[in-house]
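Asker: Following is a predicted model, sequence given first.
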Amino acid sequence: CAQARRELYLDGLLTEGMVFTIEPGLYFKAEDLAIPEEYRGIGVRNEDDILMTADGPVNLSAALPRTPDDVESWMAGIYAGA
């Protein structure tokens, strides 16, 4: 959350059943001349959903494709079945 501040969560507890979305991303402005032209104006985000269990964290999205080729293949299969 853009408004979150560390000091607001110092007493927070992680408990069983909580789910967190971890979503690092890179976003390149179209006018940014410091990056190669083919990357200007795009964004890339790799998102995971993590479930807290009694035995520790479980990545609910671990089975999703990660590489560009795997994502494109997966998407092609979805559209082929539509």
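Answerer: Okay, I see it. Numbers count the residues shown, from 1 in each chain.
Asker: By mean pLDDT, which helix or strand of this protein comes out lowest?
Answerer: Of all the helices and strands that make up the chain, strand 43-45 has the lowest average by mean pLDDT, DSSP states H and E, namely a mean of 87.
Asker: what packs against that one?
Answerer: Taking 3 or more C-beta pairs under 8 Å, 6 or more residues apart in numbering; DSSP states H and E as the contact definition, the neighbouring helices and strands of strand 43-45 are strand 25-27. (Each C-beta comes from the backbone N, C-alpha and C, glycine too.)
Asker: so how far is the first residue of stretch 37-49 from its last?
Answerer: End-to-end distance for stretch 37-49, by C-alpha to C-alpha, to the nearest Å: 32 Å.
Asker: picking that back up, would you mind listing the buried residues in the least confident helix or strand of the chain?
Answerer: Using 16 or more other C-beta atoms under 10 Å as the burial criterion, none of the residues of strand 43-45 qualify.
Asker: Make 58 the starting number, not 1.
Answerer: Renumbered: residue one is now 58, and that last one reads strand 100-102.
Asker: next one: the following helix or strand past that strand to chain centre, how far?
Answerer: In the C-terminal direction, the helix or strand that comes right after strand 100-102 (DSSP states H and E) is strand 105-110. From the chain centre to the centre of strand 105-110 is a distance of 12 Å (C-alpha atoms, centre = their mean, to the nearest Å).
Asker: Stretch 69-78 too?
Answerer: For stretch 69-78, the separation from the chain centroid amounts to 17 Å (computed by C-alpha atoms, centre = their mean).
Asker: sorry, back to before: what pairs with the least confident helix or strand of the chain, and is each one parallel or antiparallel?
Answerer: strand 82-84 (antiparallel) (DSSP bridges).
Asker: Give the rounded mean pLDDT of the strand it pairs with.
Answerer: Averaged across strand 82-84, the pLDDT comes to 89.
Asker: what's the model's confidence in stretch 67-77, averaged?
Answerer: 89.
Asker: Done for today, thanks.
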